[in-house]
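>>> Provided below for reference: sequence and predicted model.
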Amino acid sequence: MARRADRVAVSLNSLTLRILSALLLAPPVLAAIWYGSPYFEGMTVLAAIVMAWEWEKLVSKESFGGPGIALALSSVVALILLPLPLLALVAVGVGALVASLMAPIGLRGWMAAGAPYIVLPLAALLMLRAAPDGQSILIWLFLIVWATDIGAYAAGLLIGGPKLAPSISPKKTWAGLAGGMIGAAVIAMWGGSWLGFVSSAPKLGLMGAALAVVAQGGDLFESFVKRRFDAKDSSQLIPGHGGLLDRIDGLLAAGFALGVLYLATFDGGFEW
């Protein structure tokens, strides 16, 4: 009993640090979303550079060696060329190729994977922000991802229970997944109403819950990569969270999924 109390106390201290970091980061992020160009584009480019640095550090333990620079430059070029999709894809391919060739032989595949992992989700976020209701869509998405994180963390801490994927992330539980889905569904419905979406509350709630599952999948993938390379965090950039990749792994997955859904299913005309 005492051990559990100690673990809960440590977790609560960690949660407090996470909340304080989030409170510091949320205002500039929301401001960039709200005001759009050029602030959101600038924030996205900066994120790409940091992600390239962290990916190289995670995979090879190096900081901005040749592969990291190749990933950073190609990612920035690809995002700038986003209005010309074919050229943007060429930039991603070139970046992946150059980064892989500059990496040790055993790490080439992983280093090359960094290019699409960085660019595709960020491109989806830029595309969503450029949509007619992009400001509201992105705020809604960010609220859902944040609600997923908080709901999963709280449910996992308070309820615990069977592990979700113990070989990948020993701390994640099925209760945490359910808590994240419930939190995301509630915020998706409330946020949709607050932002003036015309879709029904059940529809928004289902989308929120589905995006929560995708976000948790993104989190698990990041955990898998860290376990593969014996790393606790992608960096120590953000107190309580680790690195930027640690903080936005769920957002990358959910943003990419929503971007694909927006294009493929609704053809840019989804009635929010």
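Received the coordinates, thanks.
>>> need the pLDDT of the spatially closest residue to Val145 that is not a sequence neighbour.
If you skip the residues right next to it in sequence, Val145 has Leu251 as its closest partner in space, 4.8 Å away by Cβ to Cβ, 6 or more residues apart in numbering. All C-beta spots, glycine's among them, are computed from the backbone N, C-alpha and C. With respect to pLDDT, Leu251 scores 97.
>>> host element of Leu251?
Secondary structure assigned from DSSP states H and E places Leu251 in helix 244-264.
>>> so what does that helix touch, helix or strand wise?
helix 39-60, helix 108-130, helix 134-158, helix 201-228 (3 or more Cβ pairs under 8 Å, 6 or more residues apart in numbering; DSSP states H and E).
>>> wait, doesn't Gly218 sit right on Leu252?
Yes: Gly218 is in contact with Leu252 according to Cβ atoms under 8 Å; the separation is 5.6 Å.
>>> between these two, point out the one with more neighbours.
Neighbours per residue, other Cβ atoms under 10 Å: of Gly218 and Leu252, the larger number sits with Leu252, 26 against 22.
>>> so how far is Gln236 from the closest residue to the more buried one other than its chain neighbours?
Closest residue to Leu252 apart from its sequence neighbours, by Cβ to Cβ, 6+ apart: Pro121 at 3.8 Å. According to Cβ to Cβ, to the nearest Å, Pro121 stands 23 Å off from Gln236.
>>> these two: who's more crowded?
Pro121 (23 against 11).
>>> helix/strand/coil for Pro83?
What DSSP: H, G, I helix; E, B strand; the rest coil gives for Pro83 is coil.
>>> for Gly160, same thing?
coil.
>>> confidence score at the closest residue to it other than its chain neighbours?
For Gly160, ignoring the flanking residues on the chain, the nearest one in space by Cβ to Cβ, 6+ apart is Thr173 at 6.0 Å. pLDDT recorded at Thr173 is 93.
>>> how close does the nearest residue to Ala115 once chain neighbours are set aside sit to Met102?
Nearest in space to Ala115, with sequence neighbours left out and distances taken as Cβ to Cβ, 6+ apart, is Ala96 at 3.9 Å. Using Cβ to Cβ, Ala96 is found at 11 Å from Met102.
>>> counting neighbours, go ahead and name the busier of those two.
Ala96 (23 against 18).
>>> list the contacts of the helix or strand harbouring that one.
Taking DSSP H and E as the definition, Ala96 sits inside helix 85-102. If you take Cβ atoms under 8 Å, 6 or more residues apart in numbering as the criterion, helix 85-102 is touched by 65-68, 70-71, 73-75, 77-79, 81-82, 108-109, 111-116, 119-120, 123.
>>> so where's the chain shaky on pLDDT?
Across the chain, the ranges flagged by pLDDT under 70 are 1-15, 17-18, 21, 240, 266-272.
>>> Tyr39 is in contact with Ala31, correct?
Yes: Ala31 lies in contact with Tyr39 (Cβ under 8 Å); the separation is 7.1 Å.
>>> from Ala47, how far out is Ile150?
From Ile150 to Ala47 the distance is 22 Å (Cβ to Cβ).
>>> err, Ala123, not the other one
In terms of Cβ to Cβ, Ala123 sits 12 Å off from Ala47.
>>> looking at those two, which is more packed in?
Ala123 (25 against 21).
>>> identify the residues contacting that one.
Ala78, Leu79, Leu82, Ala88, Gly259.
>>> and the residue nearest to Leu252, how close does it get to Arg227?
Counting by Cβ to Cβ - Pro121 and Arg227 are separated by 21 Å.
>>> just to revisit the earlier point, and the helix holding Leu251, how far from the chain's centre?
Distance of helix 244-264 from the chain centroid (Cα atoms, centre = their mean, to the nearest Å) equals 6 Å.
>>> taking helix 134-158 as reference, get the angle to that helix.
130 degrees (axes from the mean of the first three to the mean of the last three Cα atoms, to 10 degrees).
>>> any buried residues in helix 244-264, and which?
Under the neighbour-count criterion of 16 or more other Cβ atoms under 10 Å, helix 244-264 has 244-259, 261-262 buried.
>>> repeat for stretch 98-113
In stretch 98-113, counting by 16+ other Cβ under 10 Å, buried: Val98, Ala99, Ser100, Met102, Ala103, Leu107, Arg108, Trp110, Met111, Ala112, Ala113.
>>> how about stretch 78-96?
Those would be Ala78, Leu79, Leu81, Leu82, Ala88, Leu89, Ala91, Val92, Val94, Gly95, Ala96, for stretch 78-96 by 16+ other Cβ under 10 Å.
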